[in-house]
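> Need a 3D model of the sequence below.
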Amino acid sequence: MANERKFIAENIKRVLLKEYLMKEVSRAGFGGVEVQRTPMGTRVTLITERPGIVIGRRGAAIKNLTRAIENDFKFANPQIEVQEVDNPNLNAQIMAEKLAFALERGWHFRRAGHSTVRRIMESSAKGCQVVLSGKLTGQRHRTEKFKAGYIKFCGEPRLQFIKTGFATATLKRGTIGVKVEIMTPGARLPDEIGILSPAKAADLMPELFAQITEEDALEKDVEIPVEEAEELENSEEDSGPEESAETEGKETGDEPEVPAEEAGNEENTEAVEETELKGPEEVTE
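Residues are numbered from 1 along each chain as shown. Sure thing, here's the model as predicted:
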């Protein structure tokens, strides 16, 4: 149980540190914090929109933060590293804090929610969702959602591609919770399949492509075995001259030759038919 208690205590310290930095660095645009244990001490990476405010004049602000982290949270030899956000509109925590600040200034919740979604989608995000919960218009608690694009609610795509931020707006009616979820632009969903050209496939997978080409070449160069060739010749000989003559007649369009005996029988039948058609008098004449 000692190890479990140690892990729980460490995570509690990290959560408390995150809440402390959110309050202290709110003016600079808090975008997140990462805590990493190293042999030289504890490295704290602080992600902000305006790093100059965090550092302060001649590094005074960051020295105070380092001293507070070491004394209040008992981190050994903390080293704070400040990073600037590339695109603040794609950072869920920064957008949640901006939306909460807009609500505190008196913006209508629908206007603020739609404008936040539009800014996120204009920054080439694949999808976003904004959830506002609390006493928005009256004394009853309710929830409003604003959504655009693709959003995954479970599974590996959510853990890998969805970034979540949370903030609170304090109004006269009460506290409003603001939750922002953003799907990153480079997210690739499981149902998205791309087909490469043969040239690109050969560049990416040369060994597999060479094996496939060898198999195709072998299939084209396959020869008929000797036994199968002899069976084909024997089947043609067994078919006989009559079948071959009929097939030749069908191919050329000519009628097959009729033997002489069959031709004489046909003439006799024609003569009998003529006598039947003529009357008895004509026959006697």
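
> the strands in the stretch 51-200 of the chain, which residues?
For the stretch 51-200 of the chain, the strands defined by DSSP state E, counting those that start in this stretch occupy 78-84, 127-134, 142-149, 162-170, 175-183.

> Could you point out which of these sits nearest Ile94?
strand 162-170 (7.1 Å; CB to CB). From N, CA and C alone the C-beta is placed, and that goes for glycine too.

> Beta-bridge partners for Val33, please?
On the basis of DSSP bridges, Val33 is bridged to Leu46.

> Just want the most central residue of this protein.
Leu189 (2.0 Å; CA atoms, centre = their mean).

> what's near enough to touch it?
The contact partners of Leu189, by CB atoms under 8 Å, 6 or more residues apart in numbering, come to Tyr150, Lys152, Pro157.

> out of those residues, who's nearest Thr38?
Of all the contacts of Leu189, Pro157 has the smallest distance to Thr38: 31.7 Å, by CB to CB.

> Count the residues that sit near the closest one.
17 (other CB atoms under 10 Å).

> Identify each buried residue in the helix ranked longest in the chain, please.
Secondary structure of the chain per DSSP state H: the longest helix is helix 2-24. Using 16 or more other CB atoms under 10 Å as the test for burial, helix 2-24 gives Leu17, Tyr20, Leu21, Met22, Glu24.

> where does the residue nearest to the centre of the chain land on pLDDT?
On the pLDDT scale, Leu189 is placed at 83.

> Ala68 now?
pLDDT at Ala68 comes out at 85.

> which residues touch it?
Per CB under 8 Å, 6+ apart, neighbours of Ala68: Tyr20.

> Report the beta-bridge partners for the residue nearest to Ile176 when sequence neighbours are not counted.
Nearest residue to Ile176, sequence neighbours excluded (CB to CB, 6 or more residues apart in numbering): Gly134, at 3.7 Å. Beta-bridge pairing of Gly134 under DSSP bridges involves Arg142.

> Go ahead and confirm Gly134 touches His141.
Yes. Shown here, Gly134 and His141 form a contact pair, counting by CB atoms under 8 Å, at 6.1 Å.

> more neighbours, the two?
Gly134 (19 against 11).

> can you pull the contacts of that one?
Gly134 makes contacts with His141, Arg173, Gly174, Thr175, Ile176, Gly177, as judged by CB under 8 Å, 6+ apart.

> what's the lowest-pLDDT member of those?
Among these, Arg173 has the lowest pLDDT, at 87.

> any idea of the mean pLDDT in stretch 144-151?
Rounded mean pLDDT across stretch 144-151 is 92.

> Enumerate the positions of that stretch that are buried.
Using 16+ other CB under 10 Å as the test for burial, stretch 144-151 gives Phe146, Ala148, Tyr150, Ile151.

> Kindly report the same for stretch 158-173.
Applying 16+ other CB under 10 Å to stretch 158-173 flags Phe161, Ile162, Lys163, Gly165, Phe166, Ala167, Ala169 as buried.

> With adjacent residues omitted, what lies nearest to the third one?
In this structure, Lys163 finds its nearest non-sequential neighbour in Ala92, 4.3 Å apart by CB to CB, 6+ apart.

> could the contacts of Gly134 go into JSON lines alongside distance to Pro198?
Compiled in JSON lines, the contacts of Gly134 are given as follows (distance: CB to CB, whole Å):
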{"residue": "His141", "distance to Pro198": "60"}
{"residue": "Arg173", "distance to Pro198": "64"}
{"residue": "Gly174", "distance to Pro198": "63"}
{"residue": "Thr175", "distance to Pro198": "60"}
{"residue": "Ile176", "distance to Pro198": "56"}
{"residue": "Gly177", "distance to Pro198": "53"}
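
> Show me which of those residues is closest to Met183.
Nearest member of the contacts of Gly134 to Met183, counting by CB to CB, is Gly177, at 20.7 Å.

> who's in contact with that closest one?
Gly177 sits next to Val131, Leu132, Ser133, Gly134, Phe166, Thr168 when contact means CB under 8 Å, 6+ apart.

> so can I have JSON lines of the residues you listed showing distance to Thr38 and pLDDT?
Converted to JSON lines, the contacts of Gly177 look like this (distance: CB to CB, whole Å; pLDDT from 0 to 100):
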{"residue": "Val131", "distance to Thr38": "37", "pLDDT": "95"}
{"residue": "Leu132", "distance to Thr38": "40", "pLDDT": "95"}
{"residue": "Ser133", "distance to Thr38": "39", "pLDDT": "94"}
{"residue": "Gly134", "distance to Thr38": "41", "pLDDT": "92"}
{"residue": "Phe166", "distance to Thr38": "29", "pLDDT": "92"}
{"residue": "Thr168", "distance to Thr38": "33", "pLDDT": "91"}
